[in-house]
Every structure is written in C-alpha cells, then in structure tokens.
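Colleague: sharing a sequence plus its predicted fold:
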Amino acid sequence: MLAARASAPRQPRPDQLSLRERTWVGGLAGAAPDLDILFTLGGHVPYMENHRGITHSLLLMPAWAWLLAGVAALALGRRYSWRSYYGVILLALFIHILGDLITSYGTQILAPFTNWAPGFNTTFIIDPWFSGVLLAGLLASLYWRPRTGAALGLAAVTALVLFQYSQYRTAVTEARDWAQSQGITDYVAEAHPQPWSPFNWKLVVDRGDRYHMAVVNLRRDRRPHDFGDDAFLLLRLWSAYVPVEQAHWETFHRYGAGGEEQELAREVMAADGMAFFRWFASYPALRAVDARNGDQCVVFEDLRFRLEGMSNPFRYGMCRADEDADWQRYRMRDDGERTAI
C-alpha cells in the first residue's frame with residue numbers, strides 16, 4: 001500500500017487510478033503471492049517445496065502482474081484497461097518479494113528454473129519494529145499527507161533494514177572471531193536474526209557435519225534476569241539473549257556424535273523421502289533416535305528455526321516397525337506425536 005500511495009501521480013489522468021483505487025489494488029496485489037498457501041491442498045511436502053516459489057519468482061513477476069491486471073480490469077467492469085493496473089500491481093509484487101527476501105526463510109526468486117532460495121538474513125520473519133514502521137507510514141499517509149507520508153514510511157523501513165544489515169555484519173564478525181579463538185580453520189561464519197530486537201542474533205559456525213551456535217544480544221553488557229521456564233514466552237525470549245562475552249556455544253551434529261546412531265541417521269537422511277528436507281534445511285541436525293509407539297524413529301530438525309523456549313516447527317523424520325520394514329516419513333512434535341506427510 002505504501003509503495004502504491006508514494007508513487008501516485010499528483011493529478012491522475014482519466015485513464016489512471018485514483019489514490020484510493022491505487023491503495024486497494026496495491027494492497028490486494030501485495031498479498032497475492034501468498035496464495036501459494038493453496039499448495040497445502042496437495043499436502044505438507046508440496047507446500048514446503050512450493051512456498052515462496054513460483055508466486056515469488058522475479059522471473060515470473062511480470063507475467064503475474066499482467067494476469068492480475070487483467071483480472072482487476074474484468075472484476076471492476078472494464079472501467080480502466082489492464083495497463084492502468086499493471087504498474088501498481090508490478091510494484092506491489094516486487095515489494096512483497098523483496099520483503100520476503102530479507103528474512104532467513106529463503107525465497108525462490110528464479111523459479112521455476114531453479115529452486116535456489118536465498119535469504120538476506122537481516123530481519124526476523126515476524127518483526128514488530130518492521131511492522132510498526134510500516135504501520136506508522138500508512139497512518140501518516142492516511143491522516144497527514146498521502147504521498148509524503150507513504151514515502152517517509154518507505155524511507156524509514158529501508159533505513160531500518162540497512163541498520164539491521166549492519167548488525168548482521170557485526171554478528172557474523174563475532175561468529176568468525178569466536179571460531180578463530182578456538183583454532184577452527186575450516187568453517188563458514190553466519191548469523192540469523194532473532195525475535196523482538198535488531199540486536200538479538202543467532203551466531204553460527206558451520207563446519208559441514210558439525211555446527212557451533214550461540215544466541216546473543218550485541219548491545220547488552222550484562223546477563224538479563226532469568227524469568228524461568230514457566231514464564232511467559234516473551235519474557236523467556238527476552239532473557240535468552242546474553243552479552244557476546246557470556247555466550248554459551250552449543251555443538252550440534254548433522255548425523256549425531258557417532259556410533260550406530262550416526263550410521264542410521266545417514267541412512268535416513270539419504271532416503272528419497274527426505275529429499276525435500278535436504279533441500280530445505282540450512283542446518284539439518286539429528287534430534288533423536290528413539291522409539292515412538294513401538295516404532296524406531298530417526299528425527300531431524302533445521303537448527304535455523306530453533307528458538308529458545310519454543311518447539312521447532314521444522315522437525316521431520318522417518319520411522320519403521322523393525323529393521324525389515326520400510327521407512328515412513330513423518331512430521332514430529334516434542335511430545336512424541338507424529339503426522340504422516
């Protein structure tokens with residue numbers, strides 16, 4: 001909506017949308033890429049494989065804009081030609097894709113030709129600061145000056161993302177410094193944004209089949225008060241992020257620490273049924289090898305989405321009744337429950 005209002009002409013021609021029409025068309029078009037939720041009708045795995053896929057493709061964006069412009073022209077009784085809608089819809093789609101790119105989830109911007117899904121890692125998926133700045137810009141545009149308020153809102157949110165990027169670079173440097181202090185030479189340093197603050201980060205030292213991770217707050221100089229495991233979620237998250245100097249580094253293994261457990265984990269991860277998870281997960285790690293409802297199960301999770309005090313929604317595995325039975329794929333929960341996918 002902000003982009004549609006900021007780019008509105010001061011005096012629209014008869015063949016151009018009014019400010020009000022641009023706002024509604026831009027808002028609806030900006031939400032259109034999330035129609036990929038319809039892939040859930042085909043099951044969980046098809047949705048995982050196609051979420052932020054073809055509907056978020058920069059290559060297909062002009063075609064989607066043309067299609068939506070045609071639908072808008074027909075739905076509104078051909079008051080305007082499709083060309084009148086095309087520009088604002090194209091801009092709205094681009095803003096949506098860019099907004100998804102700044103997170104860690106990944107967006108398939110070159111679909112359908114490749115499922116490569118980059119993410120800029122600057123902004124947490126649900127960021128109250130980002131949303132708050134957008135809302136303030138929209139209110140300024142609605143109740144103050146339409147074009148100026150919207151432009152200031154866009155400028156402010158751009159400045160916020162650039163600031164978050166500067167914190168991302170600082171966090172990566174901290175991860176690199178820790179690795180070097182431990183004498184680690186073969187690694188990739190990375191960082192992922194965490195909830196509620198642009199200073200909360202997950203530091204990652206990726207060594208292939210082994211990961212070292214710590215959650216920190218880049219600005220704190222003392223450990224926050226521990227509210228306990230029974231505290232409200234926001235309080236638990238608040239206390240989880242400690243000063244960099246007090247970081248607790250944990251080590252996770254892709255296939256477990258060794259022995260028969262590791263051999264079994266490698267077998268399951270290499271199975272065809274786990275192909276979607278091998279593609280999706282940035283830091284796949286063995287969660288457990290255990291028995292659930294009489295079956296032997298091997299459970300993995302993507303550590304990218306592991307948050308303190310919360311269940312990881314991206315936890316998958318395979319189970320079998322005995323060594324001669326076939327592996328069956330499941331989505332796993334902390335309480336031992338599983339859902340076939």
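Modeller: Structure's in. What do you need?

Colleague: got the buried residues for the longest helix along the chain?
Modeller: Counting by DSSP state H, the longest helix found in the chain is helix 146-181. Residues of helix 146-181 classed as buried: 146, 149-154, 156-157, 160-161, 164-165, 167-168, 171-172, 174-176, 178-179 (neighbour count, 16 or more other CB atoms under 10 Å). Any C-beta I mention is one placed from the backbone N, CA and C, and that applies to glycine too.

Colleague: with stretch 86-97 instead?
Modeller: Y86, G87, V88, I89, L90, L91, A92, L93, I95, H96, I97.

Colleague: dump the residue contacts of the most centrally placed residue in the chain.
Modeller: Central residue of the chain (CA atoms, centre = their mean): Y105, 2.7 Å from the mean position. With contact taken as CB atoms under 8 Å, 6 or more residues apart in numbering, Y105 is in contact with R52, A117, G119, I125.

Colleague: mind checking how far the spatially closest residue to the first one that is not a sequence neighbour is from Q182?
Modeller: Distances taken as CB to CB, 6 or more residues apart in numbering place T107 nearest to R52, at 4.5 Å, with adjacent residues excluded. With distances taken as CB to CB, to the nearest Å, T107 is found 33 Å from Q182.

Colleague: who has more neighbours, the two?
Modeller: T107 (26 against 12; other CB atoms under 10 Å).

Colleague: quick one: which of the buried residues of stretch 86-97 sit in helices?
Modeller: Y86, G87, V88, I89, L90, L91, A92, L93, I95, H96, I97.

Colleague: for the residue nearest to R52, give me its contacts.
Modeller: The neighbours of T107, taking CB under 8 Å, 6+ apart as the test, are R52, H56, I97, D100, L101, A117, P118, G119.

Colleague: wait, the third one touches L59, no?
Modeller: It stands for I97. No - the criterion here is CB atoms under 8 Å, and I97 misses it with L59 at 10.9 Å.

Colleague: where are the low-confidence patches of the chain?
Modeller: For the chain, the stretches with pLDDT under 70 are 229.

Colleague: now the strands for it?
Modeller: Secondary structure of the chain, counting by DSSP state E: strands at 188-193, 200-206, 210-217, 242-243, 250-253, 284-292, 295-302, 315-320, 328-332, 338-340.

Colleague: quick one: the ones you listed as JSON lines, columns for mean neighbour count too.
Modeller: Output for these, formatted as JSON lines (neighbours: other CB atoms under 10 Å):
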{"stretch": "strand 188-193", "mean neighbour count": "22"}
{"stretch": "strand 200-206", "mean neighbour count": "24"}
{"stretch": "strand 210-217", "mean neighbour count": "21"}
{"stretch": "strand 242-243", "mean neighbour count": "16"}
{"stretch": "strand 250-253", "mean neighbour count": "15"}
{"stretch": "strand 284-292", "mean neighbour count": "18"}
{"stretch": "strand 295-302", "mean neighbour count": "22"}
{"stretch": "strand 315-320", "mean neighbour count": "23"}
{"stretch": "strand 328-332", "mean neighbour count": "20"}
{"stretch": "strand 338-340", "mean neighbour count": "14"}
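
Colleague: which of those strands sits closest to V45?
Modeller: strand 328-332 (8.0 Å; CB to CB).

Colleague: mind listing the strands that closest one pairs with, and their directions?
Modeller: Using DSSP bridges, strand 328-332 pairs in its sheet with strand 315-320 (antiparallel), strand 338-340 (antiparallel).

Colleague: can you redo the ones you listed as CSV with distance to V25?
Modeller: Formatted as CSV, those follow (distance: least, CB to CB, whole Å):
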stretch, distance to V25
strand 315-320, 39
strand 338-340, 39
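
Colleague: so which of the ones you listed comes closest to N217?
Modeller: Of the strands paired with strand 328-332, nearest to N217 by CB to CB is strand 315-320, at 26.2 Å.

Colleague: so that closest one versus strand 284-292, what angle?
Modeller: Interaxial angle of strand 315-320 relative to strand 284-292 (axes from the mean of the first three to the mean of the last three CA atoms, to 10 degrees): 40 degrees.

Colleague: tell me the domain ranges of the chain?
Modeller: Per automatic domain parsing, the domain ranges recorded for the chain read 2-119, 163-253, 259-340.

Colleague: just put those domains in CSV and tack on distance to L135.
Modeller: Output for the domains of the chain, formatted as CSV (distance: least, CB to CB, whole Å):
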stretch, distance to L135
domain 2-119, 10
domain 163-253, 17
domain 259-340, 24
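
Colleague: the helices in the stretch 1-150 of the chain, which residues?
Modeller: Assigned by DSSP state H, counting those that start in this stretch, the stretch 1-150 of the chain shows helices spanning 2-6, 19-31, 44-50, 61-75, 82-101, 128-143, 146-181.

Colleague: can you redo those helices as a markdown table with distance to Q194?
Modeller: Shown next, in a markdown table, are the helices of the stretch 1-150 of the chain (distance: least, CB to CB, whole Å):
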| stretch | distance to Q194 |
| --- | --- |
| helix 2-6 | 26 |
| helix 19-31 | 26 |
| helix 44-50 | 23 |
| helix 61-75 | 30 |
| helix 82-101 | 18 |
| helix 128-143 | 13 |
| helix 146-181 | 10 |
